[in-house]
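*Asks:* Build the 3D model from these lines:
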Amino acid sequence: KDAVQWLDIGSAVLIGAALVAAVAWRRMDGRLAWGAVIMMLGSLAMPRHIVGGDYADYRLIGSGLLAACLAITWRLPRWAFYLAPALFLGRLAVTTATWAQQSREIESELAGLALVPQGARIANVVSIERGQWGFNPYEHICGYAVIRNDALSNCNFALRRVHMISLKGPPPHWNDPSQRLFVWRDHVLDLSDYGPVRDMDWLWYVGRNPVMVPPGSEVVYRTRHSLLLRLAKAPRRS
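*Replies:* Numbering: from 1, shown residues only. This is a model prediction of the structure:
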């Protein structure tokens, strides 16, 4: 699941069809094939979190598919041999172009951090459109504020005893994923009393939806799809 829906679905269909055909014509190495089956079944039985790691079950799916593809022992014409690297290189090109575009957009968003003092408390809100294909690259953009401004933000502390830093007794609205809001397109977000905003001095909103901001807040930086606001209670620079 990347940026181009038809390419993602087509890739899955192509790989699935190749595996089904190999099984039907008995062109599979049994040792690798059973290993792939065990990994795929393990992805259903395994919990999401193991030893502090996230998406443990999710990662097994790719490994199982990889083992299944390696189990194919079918001798095909040479032209068919080049389909596998062509699929990989094509997807790699699309991912590279997508990441390059997103990198330029994120650099524009991060320029506003130069206006935020060191050690600031920033409430981050990222609107994610329901039905959106692929992952939103801004879901943890506030991590840059932690690194560059030594800021305290609400996109951390998802799992206890996992992160290198911890927050004693944080309110429920301080934890990841409090920064994520799933919304319908063009839905107006009311952030005037949103949980993380109550205890913070700054509000960093990233998204395409229109928003209602807390009373008395001041917009200090704006891009096409983001707002950086100093809240009314925030200390002013001398």
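*Asks:* what about the residue lying closest to Arg91 once chain neighbours are set aside, distance to Gln5?
*Replies:* The shortest distance from Arg91 to any non-neighbouring residue, by C-beta to C-beta, 6 or more residues apart in numbering, is to Ser11 (6.5 Å). Where C-beta positions appear, they are placed from N, C-alpha and C, glycine not excepted. As judged by C-beta to C-beta, to the nearest Å, Ser11 and Gln5 stand 11 Å apart.
*Asks:* So between the two, which is more surrounded?
*Replies:* Between Ser11 and Gln5, Ser11 has the larger neighbour count (other C-beta atoms under 10 Å), namely 16 against 11.
*Asks:* Need the pLDDT of the more buried one.
*Replies:* Residue-level confidence at Ser11 comes out at 92, pLDDT.
*Asks:* ok, so what distance separates it from Leu87?
*Replies:* 6 Å.
*Asks:* Quick one: neighbours of Val197, just the number.
*Replies:* Neighbour number of Val197 under other C-beta under 10 Å is 22.
*Asks:* same check, this time on Arg148
*Replies:* If you count neighbours by other C-beta under 10 Å, Arg148 ends up with 13.
*Asks:* before we move on, what about Tyr55?
*Replies:* For Tyr55, using other C-beta under 10 Å, the count is 11.
*Asks:* For it, which non-adjacent residue is closest in space?
*Replies:* Using C-beta to C-beta, 6+ apart, the nearest residue to Tyr55 is Arg48, at 6.4 Å.
*Asks:* which sections of the protein are below the confidence cut-off?
*Replies:* Scanning the chain for pLDDT under 70 picks out the ranges 52, 158-165, 169-172, 234-238.
*Asks:* And the longest helix along it, how far out from the chain middle?
*Replies:* Looking across the chain with DSSP state H, the single longest helix is helix 83-110. Mean C-alpha position of helix 83-110 versus that of the full chain (C-alpha atoms, centre = their mean, to the nearest Å) differs by 14 Å.
*Asks:* List the buried residues in that helix.
*Replies:* Glu105, Ile106, Glu109 (16 or more other C-beta atoms under 10 Å).
*Asks:* from those residues, which is closest to Val197?
*Replies:* Glu109 (18.7 Å; C-beta to C-beta).
*Asks:* So that closest one is in contact with Tyr205, correct?
*Replies:* No - counting by C-beta atoms under 8 Å, Glu109 sits too far from Tyr205 to count as a contact (10.5 Å).
*Asks:* next SSE after the longest helix of the chain?
*Replies:* Using DSSP states H and E, the next helix or strand after helix 83-110 towards the C-terminus is strand 121-129.
*Asks:* dump the residue contacts of Trp25.
*Replies:* Trp74 (C-beta atoms under 8 Å, 6 or more residues apart in numbering).
*Asks:* Over to the one 10 residues further on?
*Replies:* Residues near Gly35 by C-beta under 8 Å, 6+ apart: Ala67, Ala71.
*Asks:* at 10 Å what do you get?
*Replies:* Asp29, Ser63, Gly64, Ala67, Ala68, Leu70, Ala71 (C-beta atoms under 10 Å, 6 or more residues apart in numbering).
*Asks:* In those, find the pair that's most separated.
*Replies:* Of all pairs in the contacts of Gly35, the most separated under C-beta to C-beta is Asp29 and Ser63 at 16.3 Å.
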